[in-house]
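> Structure of the sequence below:
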Amino acid sequence: MNGSSNKDHRSPIARFELMLKSDRVYFFDATEFEEIIQYYIDSGSLRLAYKALEIGENQHPDNSSLKLLHVELMLLNNQYKEAESIIDALGETEPYNEVVYIHKAVILSKTKRHQEAISYLMKGLQYCESEAEFHSLLAMEYLFLDSYVMAKEHFIKCLKEEPKDTHALYNVIYCFESLENPDGAITFLNTFLEDDPFNEIAWHQLGRQYAEKGLLEQALSSYDFAVICDNRFIGAYFEIGKTLEKLKRYNEAIMAYETTLTIDEPTAFALLHIGLCHRALGNTELAIHYLKNTLQEDPLYEKGWLALIDVFCENKDYDKALYYLKKSIQIDNDNIATWKRYAEVNVKLGFLEEAHIGFTECVNLGNYEEETWVKWADVLKEMLDYNKAIEVLQQGLEFHPESSVINFRLGGIHMLCSKSLEACFYLKNAYMSDAEELTNFYHTFPQFKSSSFVKQSLSLKL
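You can find the predicted model right below:
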């Protein structure tokens, strides 16, 4: 509410504040007190709201509207028990007052008595002039109870009362999604659009449902209708871009993302995806240009760093990849994907000690993938640190006990350490788990390709 306009021409608020300054008591009618109290509630001045309420209730002790404002203030201060006492008393004197039912339901909801709140709201429906607010409150109570079917029905009733209620529309779709029913959402939205064909939100949501089912052409058509209804609907342009990317229509996707840049300030998301589209088209320099712009727009955007690093890796420019990996780690040193790439790039550059550090960080941060243990052990093998490699692989085996790759690596490294019994044990386990992995074993340990020990361990004929 605009403060200055309310204080012009001896408004109730101006007169009230003058009264406070003069230390006198002026008379205001109940409607004026309502205006004053609501003004202070809206402006966040609860102390003055309470002051006005105190004077108002002294001058109009039986006024129900002031009592309802008292309840509203109590709710803002989490005074649920006191508020409920006032509401119950009002309910006895004014059993047909719809606001009493709303406040009582809010109190019941805040104190987690959702079924009681539903009962009260259903009763209050008999006395309300407009049912939309009651259906909205009922829907929210059903959401608290995870009763998505009932919540959906009440949100739909809200829309029948107020078709432009965007909040209700989004919540209907949320209910369909919670019920994992995209077909139901599509049917509902198509029916809704028959009555309101220029509702851009409904077209946008319809596109999302089609996309969820993998019907990308239908999704694209829906998003197109959304931007026809509102040619500045940035969310729809983003969805058009994402859908075109999935369809590998990269040039068109770039145009959609670029449109968002003309409507509002550039976003890191749009710049990233323009860069990714250029990368897919083989336009490496343009890809790098847009990915760098992404990071200028948002230096904390993890996907931007990883995309830029991947472009350099794809072009075997590992020095630049390492440069940006180090910059990324300086900004965020808790990112598993970054540390994994850091380790792999250092392997490519032959910096084995740094690669060892990278894989160590990956595991410390909770990355227990089979590939991580194997690549880490390979680095340690190249560093001739066989004991540490065995330790790493045995840790990995705790997470992947059936892994033939880890078992074969353990067999090979134990052979390098001349530990025949251990080597035989792991080689047998590996071969029993996946015999085809033997080819990769020989690739990793070419010196054992003609080893009779390996063949004996696997019970093969010489």
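> And the strands in the stretch 51-200 of the chain?
In the stretch 51-200 of the chain, no strands are defined using DSSP state E, counting those that start in this stretch.
> what are the ranges of the helices in it?
Using DSSP state H, counting those that start in this stretch, the helices of the stretch 51-200 of the chain run over 64-76, 80-93, 98-110, 114-124, 132-144, 148-161, 166-178, 182-195, 200-212.
> Mind checking those for the one nearest to Ala343?
When the helices of the stretch 51-200 of the chain are compared by CB to CB, helix 200-212 sits nearest Ala343, at 35.4 Å. C-betas here are computed from N, CA, C, even on glycine.
> what's the angle from the helix or strand immediately after that closest one in the chain to helix 182-195?
Sequence order places helix 216-229 as the next helix or strand after helix 200-212, per DSSP states H and E. Relative orientation of helix 216-229 and helix 182-195, computed by axes from the mean of the first three to the mean of the last three CA atoms, to 10 degrees: 30 degrees.
> Which elements pack onto the helix or strand just after helix 216-229?
Next helix or strand after helix 216-229 toward the C-terminus (DSSP H and E): helix 234-246. Helix 234-246 sits against helix 200-212, helix 216-229, helix 250-263, helix 268-280, with contacts defined as 3 or more CB pairs under 8 Å, 6 or more residues apart in numbering; DSSP states H and E.
> and the helices of the stretch 51-200 of the chain as a markdown table, adding mean neighbour count and distance to Ser221?
Formatted as a markdown table, those follow (neighbours: other CB atoms under 10 Å; distance: least, CB to CB, whole Å):
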| stretch | mean neighbour count | distance to Ser221 |
| --- | --- | --- |
| helix 64-76 | 19 | 46 |
| helix 80-93 | 16 | 50 |
| helix 98-110 | 22 | 41 |
| helix 114-124 | 19 | 39 |
| helix 132-144 | 21 | 30 |
| helix 148-161 | 20 | 23 |
| helix 166-178 | 19 | 18 |
| helix 182-195 | 16 | 12 |
| helix 200-212 | 22 | 8 |
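> Could you dump those helices into TSV with mean pLDDT added?
Shown next, in TSV, are those (pLDDT from 0 to 100):
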stretch	mean pLDDT
helix 64-76	80
helix 80-93	81
helix 98-110	86
helix 114-124	91
helix 132-144	93
helix 148-161	95
helix 166-178	96
helix 182-195	96
helix 200-212	96
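> Export those helices as JSON lines, with columns for distance to Asp23.
Listed next are the helices of the stretch 51-200 of the chain as JSON lines, based on distance: least, CB to CB, whole Å:
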{"stretch": "helix 64-76", "distance to Asp23": "23"}
{"stretch": "helix 80-93", "distance to Asp23": "29"}
{"stretch": "helix 98-110", "distance to Asp23": "34"}
{"stretch": "helix 114-124", "distance to Asp23": "43"}
{"stretch": "helix 132-144", "distance to Asp23": "41"}
{"stretch": "helix 148-161", "distance to Asp23": "49"}
{"stretch": "helix 166-178", "distance to Asp23": "45"}
{"stretch": "helix 182-195", "distance to Asp23": "59"}
{"stretch": "helix 200-212", "distance to Asp23": "53"}
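> Out of those helices, the one nearest Thr267 is which?
Closest to Thr267 of the helices of the stretch 51-200 of the chain is helix 200-212 (CB to CB; 17.2 Å).
> Over to Glu162: give its phi and psi.
phi -130, psi 90 (degrees, to the nearest 10).
> Measure how buried it is and give me the count.
Number of residues near Glu162 (other CB atoms under 10 Å) recorded here: 17.
> And Lys21, by the same measure?
Count around Lys21 with other CB under 10 Å applied: 7.
> Report the buried residues of the helix or strand hosting it.
According to DSSP H and E, Lys21 maps onto helix 12-22. Of the residues in helix 12-22, Pro12, Ile13, Phe16, Met19 count as buried by neighbour count, 16 or more other CB atoms under 10 Å.
> same deal with stretch 279-295?
By 16+ other CB under 10 Å, the buried positions in stretch 279-295 come out as Arg279, Asn283, Leu286, Ala287, Ile288, Tyr290, Leu291, Asn293, Thr294, Leu295.
> thinking again about what came up before, of the buried residues of helix 12-22, which is the nearest to Ala30?
Pro12 (11.1 Å).
> can you list contacts of stretch 393-408?
Residues outside stretch 393-408 that contact it (CB atoms under 8 Å, 6 or more residues apart in numbering) are 363, 368, 370, 372-374, 377, 409-410, 413, 426-427, 429-431, 433-434, 437-438, 440-441, 444.
> rerun at 7 Å
368, 370, 373-374, 377, 409-410, 426-427, 429-430, 433-434, 437, 441 (CB atoms under 7 Å, 6 or more residues apart in numbering).
> which pair in these spans the largest distance?
Tyr368 and Leu427 (23.7 Å).
> Same drill for those two, tell me which one is more crowded.
The neighbour count for Tyr368 versus Leu427, taken as other CB under 10 Å, is higher for Leu427 (26 against 13).
> still on that earlier bit, which secondary structure elements does the helix holding Lys21 sit against?
Using 3 or more CB pairs under 7 Å, 6 or more residues apart in numbering; DSSP states H and E, the elements in contact with helix 12-22 are helix 30-42.
> Send over the helix it packs on as CSV, restricted to the C-alpha atoms.
The C-alpha trace of helix 30-42 is given here as CSV (Å, rounded to 0.1, in the frame of the first residue of the first chain):
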residue,chain,number,x,y,z
ALA,A,30,-14.8,1.0,13.1
THR,A,31,-14.3,1.1,9.3
GLU,A,32,-11.5,3.7,9.7
PHE,A,33,-9.8,1.5,12.3
GLU,A,34,-9.9,-1.4,9.9
GLU,A,35,-8.2,0.8,7.3
ILE,A,36,-5.6,2.0,9.8
ILE,A,37,-4.8,-1.5,11.2
GLN,A,38,-4.7,-3.1,7.7
TYR,A,39,-2.3,-0.4,6.5
TYR,A,40,0.1,-1.1,9.3
ILE,A,41,-0.1,-4.9,8.8
ASP,A,42,0.6,-4.5,5.1
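> List the buried residues for that helix?
Residues of helix 30-42 classed as buried: Ala30, Glu32, Phe33, Glu34, Glu35, Ile36, Ile37, Tyr39, Tyr40, Ile41 (neighbour count, 16+ other CB under 10 Å).
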